[in-house]
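A.B. asks: return atomic coordinates for the entry below.
(one chain, ligands or ions: 2)
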Amino acid sequence: MLQQSPNNSSFHHHGRDNDLLQQQSNKYRKINDQLSSVLSEYQDLRPPNIVVIGEQSAGKSSVLEYLSGIRFVTGQNMVTKCPLQLRMVNSKSSSGSKAVIKSNIYLTKHSNKPITIENPEINDGAQQLEEAIQHLTSLHLQEEGYTGDVSRVSTHLIEVEITSPNVPDLTLIDLPGLITTSNEKNPTLKDDIRQLVKRNTTDRDCILIVGDAGRDLQTIVGFEEAREKDPSQKRTLCALTRVDKHVNDIETLNKMIESLNNRGPIKLVHGYVGLRNR
Ligand SMILES: Nc1nc2c(ncn2[C@@H]2O[C@H](COP(=O)(O)OP(=O)(O)O)[C@@H](O)[C@H]2O)c(=O)[nH]1
Ligand SMILES: [Mg+2]
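C.D. replies: Ligands and ions are numbered 1, 2, ... in the order given. Okay, here's the model as predicted:
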């Protein structure tokens, strides 16, 4: 995220090493793990996560890439077609990093072992990870009976766990982007995606709305969905992406953020932030 100090004329990524934060999130993760194992017996119950919602191509997957340091599937078209849980586990060990990818469909229909990839942040590993996600995505679409149809989404969750010394302890849910109009091939797509977002956001989750800073900020998509799940706006944060392209300097960004905080489409307790993913 960007530091918004007025003394800075250029943008900086903030540091990822914060020991206190690390300790606290370690503690949180242990509690989260215990909760998860208890709650796993009850369907539809899980501890709170951070759910990333927004319009198609707003930069949602890029936020996950930025936070994990690992290249996910990002691109121009609808590339995220299933909910994807990215669980990052910080390990201080120097033994490199590892990604474990699985889904219920994959484990029951394909292999009884999850896919494991060493060093997913470097070339080979990154490509394997991308392929694994694509593979599971097409399995999930097949499972729904959508072979060969590109404009479809599946409700089945893909689980990616990254263990690395360079990631924060954080679990995020990436979702297909909200769209404003369905296409002719699949007239229900708009509602399918909206349903998927609703179903994957509990009323205890934190919501990260991602919007392109170059758009009319009054029309950022996702506020409606966020308001439904978080009426008091206490668990919602809005991140504006691509500030490197659309905002020339930190003063302009600060003004933009200030104006959104005062006159934005909705009042957010935690407000708005600028984000540079690339
Ligand atoms: N320059 C720049 N490009 C970005 C940024 N964030 C995302 N992008 C690009 O925007 C496109 C869409 O991003 P993606 O993360 O796939 O969007 P999603 O559909 O919301 O998941 C990709 O080509 C990204 O490389 C950013 O902060 N700066
Ligand atoms: Mg995406």
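A.B. asks: show me what counts as buried in stretch 228-244.
C.D. replies: 229-230, 233, 235-243 (16 or more other Cβ atoms under 10 Å). All C-beta atoms are positioned from the backbone trio N, CA, C, and that covers glycine.
A.B. asks: I misspoke; the intended subject was stretch 111-130.
C.D. replies: Buried positions in stretch 111-130, judged by neighbour count with 16+ other Cβ under 10 Å: 114-115, 117, 119-121, 125-126, 128-130.
A.B. asks: for the buried residues of stretch 228-244, which one is nearest ligand 2?
C.D. replies: Nearest to ligand 2, judged by Cβ to the ion, of those is Thr241 at 11.6 Å.
A.B. asks: residues in contact with that closest one?
C.D. replies: For Thr241, the contact set (Cβ atoms under 8 Å, 6 or more residues apart in numbering) comprises 58-59, 62-63, 210-213, 275-277.
A.B. asks: that one and Val247, how far apart?
C.D. replies: For Thr241, the distance to Val247 equals 11 Å [Cβ to Cβ, to the nearest Å].
A.B. asks: got any residues that touch both of those two?
C.D. replies: Residues touching both Thr241 and Val247 (Cβ under 8 Å, 6+ apart) are Ala213.
A.B. asks: hang on, the earlier thing: the contacts of Thr241 in strands, which ones?
C.D. replies: 210-212 (DSSP state E).
A.B. asks: just put the residues you listed in JSON lines and tack on pLDDT.
C.D. replies: Formatted as JSON lines, the ones in strands among the contacts of Thr241 follow (pLDDT from 0 to 100):
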{"residue": "Val210", "pLDDT": "94"}
{"residue": "Gly211", "pLDDT": "93"}
{"residue": "Asp212", "pLDDT": "92"}
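A.B. asks: so Thr202: helix, strand or coil?
C.D. replies: Assigned with DSSP: H, G, I helix; E, B strand; the rest coil, Thr202 falls in the coil class.
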